[in-house]
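Asks: Quick one, what's the 3D model for this:
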Amino acid sequence: MPSRWTQSVAPLPLRLVLGVTFLWAGLGKIEGEFSVQGDTAATLASMGVERLREEGQRNLRATQPARPDAAKPDPAQTPTPAPAPAPAPPETMGPPRPEPEDTTPPPTPTPTPTPTQDPAPLSPNPPPPSAESLSAAFPAALPLLAQVTAPPTSPDSATTAPKQEIFYHAGLFPQPVSIKRLYRLSLLVFRAANPVSQAPAAASASPNSAPVAIASDQPRKLMPGAFARGVRPVVIAWMIAIGEVIAGSLLLMGLLTRFAAIFCGGLMLGAIWLTELGPAIQAGNTMLGFLPKRELWDPELWKTLFWQCSLLAACGALALTGSGFFGLDRRLFPEPPPAPSRPRPML
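Replies: Below you'll find the model as predicted:
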């Protein structure tokens, strides 16, 4: 039976190996780069990768034809404009001016008696003039009023208009573009949730027979399609990379060791499913129902799966044992002292 000292020191090598491995993997995803082009670059640009979006927009502007400059008018071919009409006299631009009063008293008209109709009484508050009467009396005032009351045009109206969404395609990325290595995880998540169906094989038929249609089976998804919508694959990739850096640092310090080990174990389970077991089951090329069908004694073909399983086992062992003696968990969260042993009564 191992002693208490052995149990306290044994987790140290596991913490060092796992901490260095996951810290190196997370930093490699963030700092490392790889090149993409064509359909792969268009897929990542649609997910929201900023560098690829800028490259696609630059290539789109370069492929668009330049707008021709406005041709200068030829004086020999340009027709002479008709002369502008003379401005109206000042008297027509407003209400008619009152004529000078005549000092000669007008002749007094003889009133005609109208016994059957009385004159309408004058109202002390006359009604306001209507728009028709104003337009008849002042024909030039209404356009001026419309110009004053029209809402001013905002200079920022063109900038506030919604931008047109660009459709990214393989033709916008003819040259390789370097991006962060973590976006490989985005492609892995997208392809796992959106598997591409294989084209059916050509049917062998005689010339006189009717063509035979062979329907291809849609491959099963390795993860729900909700994970691959919009920018979610990019967000998942960033979360995994940052999580590996944080978990690796915690394992090296021995702080929150059990939680960090469980998180890393979950990452290994996801990696085994998305890179090894899932694609084999999806393609129907398996051994024992779940293992990839490969050459059994070729270590080159099995090294990735064995390495992932080894890291998963180490994470499980560290989640059970904790940080051990050389860790911050022992200092911050000391174990309670053992209960005193009760002496057996002597008969």
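Asks: Tell me where the stretch 151-300 of the chain has helices.
Replies: 183-193, 232-253, 257-272, 278-283, 299-321 (DSSP state H, counting those that start in this stretch).
Asks: Need the residues that contact the third one.
Replies: Which is helix 257-272. With contacts defined as C-beta atoms under 8 Å, 6 or more residues apart in numbering, helix 257-272 is touched by 11, 15, 18, 22, 240, 243-244, 246-247, 250-251, 305, 308-309, 311-312, 315-316, 318-319, 322-323, 327, 329. (C-beta placed from N, C-alpha, C; glycine too.)
Asks: just to revisit the earlier point, figure out which of the helices of the stretch 151-300 of the chain is closest to Pro224.
Replies: Pro224 sits nearest to helix 183-193 of all the helices of the stretch 151-300 of the chain, at 6.5 Å, using C-beta to C-beta.
Asks: Just the angle for the closest one relative to helix 257-272, thanks.
Replies: Here helix 183-193 runs at an angle of 60 degrees relative to helix 257-272 (axes from the mean of the first three to the mean of the last three C-alpha atoms, to 10 degrees).
Asks: which parts of helix 183-193 are buried?
Replies: 183-193 (16 or more other C-beta atoms under 10 Å).
Asks: Show me what that helix is packed against.
Replies: helix 38-47, helix 232-253 (3 or more C-beta pairs under 8 Å, 6 or more residues apart in numbering; DSSP states H and E).
Asks: Show the secondary-structure elements that the first one is packed against.
Replies: The one in question is helix 38-47. Here helix 38-47 touches helix 50-63, helix 183-193, helix 232-253, going by 3+ C-beta pairs under 8 Å, 6+ apart.
Asks: Pull out the buried residues from that helix.
Replies: For helix 38-47, by 16+ other C-beta under 10 Å, it's 40-47.
Asks: If I look at Ala210, what pLDDT would I see?
Replies: If you check Ala210, the pLDDT there is 38.
Asks: My error: substitute Gly38 in the last question.
Replies: So, for Gly38, pLDDT stands at 91.
Asks: ok, how many other residues are close to the residue lying closest to it once chain neighbours are set aside?
Replies: In this structure, Gly38 finds its nearest non-sequential neighbour in Ala170, 4.3 Å apart by C-beta to C-beta, 6 or more residues apart in numbering. Per other C-beta atoms under 10 Å, the neighbour tally for Ala170 reads 13.
Asks: thought Ala170 was touching Val36?
Replies: No. In this structure, Ala170 is not within contact of Val36 by C-beta atoms under 8 Å, at 10.8 Å.
Asks: Check the spacing between Phe34 and Val17 real quick.
Replies: Distance, Phe34 to Val17, using C-beta to C-beta, to the nearest Å: 26 Å.
Asks: what do you get for Ala42?
Replies: Using C-beta to C-beta, which is the criterion applied here, Ala42 is 40 Å from Val17.
Asks: Also Val36?
Replies: For Val36, the distance to Val17 - C-beta to C-beta - is 32 Å.
Asks: quick one, which of these two is more surrounded?
Replies: Shown here are Val36 and Val17; by other C-beta under 10 Å, Val36 has more neighbours (21 against 15).
Asks: Tabulate the helices and strands packed on helix 183-193 (a markdown table), appending distance to Pro224.
Replies: Formatted as a markdown table, the helices and strands packed on helix 183-193 follow (distance: least, C-beta to C-beta, whole Å):
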| stretch | distance to Pro224 |
| --- | --- |
| helix 38-47 | 17 |
| helix 232-253 | 11 |
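Asks: so which of these gets nearest Glu295?
Replies: helix 38-47 (29.2 Å).
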